[in-house]
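>>> Quick one, what's the 3D model for this:
(2 chains)
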There are 2 protein chains.
Amino acid sequence: MKPDNCDGVIRVSAPGKVILHGEHSVVYGKRAVALSLDLRTHLTLTPGGDIVSLDLPDLEIKESWGVDTLRVLVAQLGRKQEQQSIPLSETDTLELCKFLNLPQDTNSPKKLALLSFLHLYMSILPHPVGLNISLTSQLPTGAGVGSSAAYGVCISASLLRFTKMLESDVFIPKPDDNLDDTQLKEVSSWAFRSEQIVHGTPSGIDNSVCTYGGAVNFKGGDISPLAIPPLQILLVNTKVSRSTKALVAGVRERRERLPSVIDPVLDALDALADRAVEVLHQIGSATDSTNIDAAFRIQQELVDMNQALLCALGVSHPSLDRLVGIAQSHGLHAKLTGAGGGGFGLVVVGKETVEGEAVVSCRKELEDASYQVWTTSLGSPGITFH
Amino acid sequence: MKPDNCDGVIRVSAPGKVILHGEHSVVYGKRAVALSLDLRTHLTLTPGGDIVSLDLPDLEIKESWGVDTLRVLVAQLGRKQEQQSIPLSETDTLELCKFLNLPQDTNSPKKLALLSFLHLYMSILPHPVGLNISLTSQLPTGAGVGSSAAYGVCISASLLRFTKMLESDVFIPKPDDNLDDTQLKEVSSWAFRSEQIVHGTPSGIDNSVCTYGGAVNFKGGDISPLAIPPLQILLVNTKVSRSTKALVAGVRERRERLPSVIDPVLDALDALADRAVEVLHQIGSATDSTNIDAAFRIQQELVDMNQALLCALGVSHPSLDRLVGIAQSHGLHAKLTGAGGGGFGLVVVGKETVEGEAVVSCRKELEDASYQVWTTSLGSPGITFH
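Numbering: from 1, shown residues only, chains lettered A, B, ... in the order given. Okay, the predicted model is just below:
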């Protein structure tokens, strides 16, 4: 396959992510299982010129800075490549906000996107070089489906590859170059820095899933990738906005008030995620169609039970309950994904294809009820050069 | 108050019951809380004549037997008052079926009602005496709301009082006679015999609640009455028939397959019922309206959580989920009561009266959606002579 970008243009994409099991319980050290989501963020890096420009049409952001100006900024901040393990400091954040002429006290998506980009740009590249980065995404923002992680992953991966090209002076990237484990780890680690800017104290799940793809098994800070087969789903936006912070605080308050009820619910969620990891493995490894059917049935049961246990934590919402009811009426199984209280849900499809009658009619009924629906899949590849 | 029944007529009523917390988990030794339901069964016993007749218009049953015939039957079975602690034997059941000309292998409501009546009649009365018993009920049958227990309680109480009248030769019952603890225990114990005929291996909860009224706290075979204030509710019939046996078996199967998930759910249900007992006590004892409000709010939260945990056991049903959703849309809180899978649900009303706007409109919406609804209350008095 001959790449059509022989002029040093880097094209890279990364998937989004959903939490399949472990919402909220992960906060209490229980297992979470996150899967990549086949709605992708695509980035094109075009080297050259004496300006650095960032084009994010989805966010209606188009900014550019002269390379000279950025050199002054780098000197001022004393930034070096070795700082990879250090998150953006408060002082540097203040300096960058001043440089970008953005308020220090409020966090708009624009501010977070620009801070994150400049931090990665100045940290990864050995010195400022002219380039244009243009990025579009199929992922809705602020939805808990990993749009910020996919953003960080794409920017990190493209800048790391560009650095390599600068070092080797070979400006013909090979799109089928697979990243080795060390390189993937490096991408994920830089994307984590970006996530720290956007989310404060991220768990590291999102940047891992968006980098590695497939599934990620997370417990007590230990993140391990998990090979899984692609799973078809409907991703559903309830269009009800919610505050993740308030939902997490609500569960904490309920647990403080009713520990003897909530603690066993968290234990049940932990055990459920353990079982789900086994079942995902069974779905992937079963060769016999009876075994696959059985594994899918258990997966659907686990989805139902997970939704019920999240209801017991008080984080469902009438819009999510209704979504679950509609899916159920078509013989399908659904749960909230992410923080709950509105936001997003997913309908697992099992062995049936998304073109199947039940899924098509379920999608239609959801859309008629004003939900926004994507027919997509989980477990898609991570960072990919095109 | 002068009784209008100076001719020895005994009028007695007993409430139904609902399970407020502990459905299914009670099977695994966890706590259950059952409350009396203010839909009552009324019985009138009129002594005299040389026939014994039983009139149950709700079941379209009207049977009568000559006292002489019953004397022969008693002699044949060798029945004595001392047999109170012995359930109806298999041999006696066969004999009674033969006498009643009813099939031995199927259990119709008619068969169970007649067997139960004859067993109590022949065991409680010292010897066959002519009387008519007529019984009507506001309780739907086969709904898990204690109609069979209320039946057994009314028949036992009326026959025990009639026995006393025969012994003392005083045929003017005093309707305001409160039964003392020993007498209540005796009524409940005989009603348990009746429940054994109807249900095989009853827990003893139903006959206790229908006898004592109020609430009954049940754990590991230990039944204790619990004083509570009356709680207004909507009792809702989904009109979806279900098999209690199949639902109980379903939970057992799920627990065997997923013990690490289901066991903590059962623990959570146990802790939830513990907390509910405290909250019922708070509602009953709080003198300050702020405290009452707070207690009702926790009660509503416990109802929501209980419903969610029952969903996690797999015993809800779309008709119940929909009922919960409708209640929620009116700011009210609902759960299934009994075995689930359809059957009955209840909407707790909190401090609002059942005449309140939210409750009235909720009732209307439920009825429009083809649910059958009773505006009633929990915690009503047990066995009452009128």
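>>> mind listing the strands for chain A?
For chain A, strands defined by DSSP state E occupy the ranges A:10-21, A:32-47, A:51-56, A:61-66, A:131-137, A:215-219, A:222-226, A:231-237, A:333-337, A:344-348, A:372-378, A:384-385.
>>> can the first one be found next to chain B?
Pointing back at strand A:10-21 there. No. Counting by Cβ under 8 Å from any Cβ of the partner chain, chain B is not contacted by strand A:10-21; separation bottoms out at 11.0 Å. All C-beta atoms are positioned from the backbone trio N, CA, C, and that covers glycine.
>>> Give the partner strands of that strand in its sheet and their orientations.
Using DSSP bridges, strand A:10-21 pairs in its sheet with strand A:32-47 (antiparallel), strand A:384-385 (antiparallel).
>>> mean confidence score for the shortest one?
When you say that, I think you mean strand A:384-385. Per-residue pLDDT over strand A:384-385 has a mean of 93.
>>> ok now that strand, how far from the chain's centre?
16 Å (Cα atoms, centre = their mean, to the nearest Å).
>>> mind listing what A:D321 touches?
By Cβ atoms under 8 Å, 6 or more residues apart in numbering or on different chains, the contact set of A:D321 is A:311, B:321, B:324-325, B:328.
>>> Mind listing residues that contact stretch A:256-267?
The set of residues external to stretch A:256-267 that reach it, using Cβ under 8 Å, 6+ apart, is A:25, A:28, A:30, A:251, A:254-255, A:309, A:312-313, B:264-265, B:267-268, B:271-272, B:274-275, B:305, B:309.
>>> What's the PyMOL syntax to select whichever of those residues are buried?
Command for PyMOL that selects the buried part of the contacts of stretch A:256-267, burial taken from 16 or more other Cβ atoms under 10 Å in any protein chain shown:
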select buried, (chain A and resi 25+30+251+254+255+309+312+313) or (chain B and resi 264+265+267+268+271+272+274+275+305+309)
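>>> Which ones among the contacts of stretch A:256-267 map onto helices?
When DSSP state H is applied, the contacts of stretch A:256-267 are split such that A:251, A:254-255, A:309, A:312, B:264-265, B:267-268, B:271-272, B:274-275, B:305, B:309 fall in helices.
>>> tell me the two of these that are most distant?
A:V251 and B:D274 (20.5 Å; Cβ to Cβ).
>>> need the helices for the stretch 151-300 of chain A, in chain order.
All helices of the stretch 151-300 of chain A, identified by DSSP state H, counting those that start in this stretch, fall at A:181-199, A:205-212, A:244-257, A:259-285, A:289-312.
>>> Could you dump the ones you listed into CSV with mean pLDDT added?
Conversion of the helices of the stretch 151-300 of chain A to CSV gives the following (pLDDT from 0 to 100):
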stretch, mean pLDDT
helix A:181-199, 91
helix A:205-212, 94
helix A:244-257, 94
helix A:259-285, 95
helix A:289-312, 94
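>>> any idea which of those is most buried?
Among those, the stretch with the highest mean neighbour count (mean count of other Cβ atoms under 10 Å in any protein chain shown) is helix A:205-212, at a mean of 30.
>>> between it and strand A:32-47, how many degrees?
60 degrees (axes from the mean of the first three to the mean of the last three Cα atoms, to 10 degrees).
>>> So which residues make contact with helix A:205-212?
A:14-17, A:19, A:26, A:32, A:34-36, A:146, A:148-150, A:152-153, A:157, A:184, A:187-189, A:191-192, A:194-195, A:215-216, A:218, A:223, A:225, A:382-383.
>>> Let me know whether A:F117 touches A:D55 as I believe.
No. When contacts are counted by Cβ atoms under 8 Å, A:F117 is not listed as touching A:D55 (11.0 Å).
>>> tell me, what's touching the two both at once?
Each of A:I133 lies in contact with both A:F117 and A:D55 under the rule Cβ under 8 Å, 6+ apart.
>>> Which one's more surrounded, the two?
A:F117 (23 against 15; other Cβ atoms under 10 Å in any protein chain shown).
>>> What residues does the more buried one make contact with?
Contacts of A:F117 (Cβ under 8 Å, 6+ apart): A:54, A:133, A:155.
>>> JSON lines please, covering those and showing distance to B:T211, neighbour count and pLDDT.
As requested, these are arranged in JSON lines below (distance: Cβ to Cβ, whole Å; neighbours: other Cβ atoms under 10 Å in any protein chain shown; pLDDT from 0 to 100):
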{"residue": "A:L54", "distance to B:T211": "77", "neighbour count": "20", "pLDDT": "97"}
{"residue": "A:I133", "distance to B:T211": "78", "neighbour count": "21", "pLDDT": "97"}
{"residue": "A:I155", "distance to B:T211": "73", "neighbour count": "29", "pLDDT": "97"}
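>>> Tell me the one of these nearest B:G204?
A:I155 (67.8 Å).
>>> Pull the contacting residues for that closest one.
The contact partners of A:I155, by Cβ under 8 Å, 6+ apart, come to A:43, A:116-117, A:120-121, A:133, A:135, A:191, A:194.
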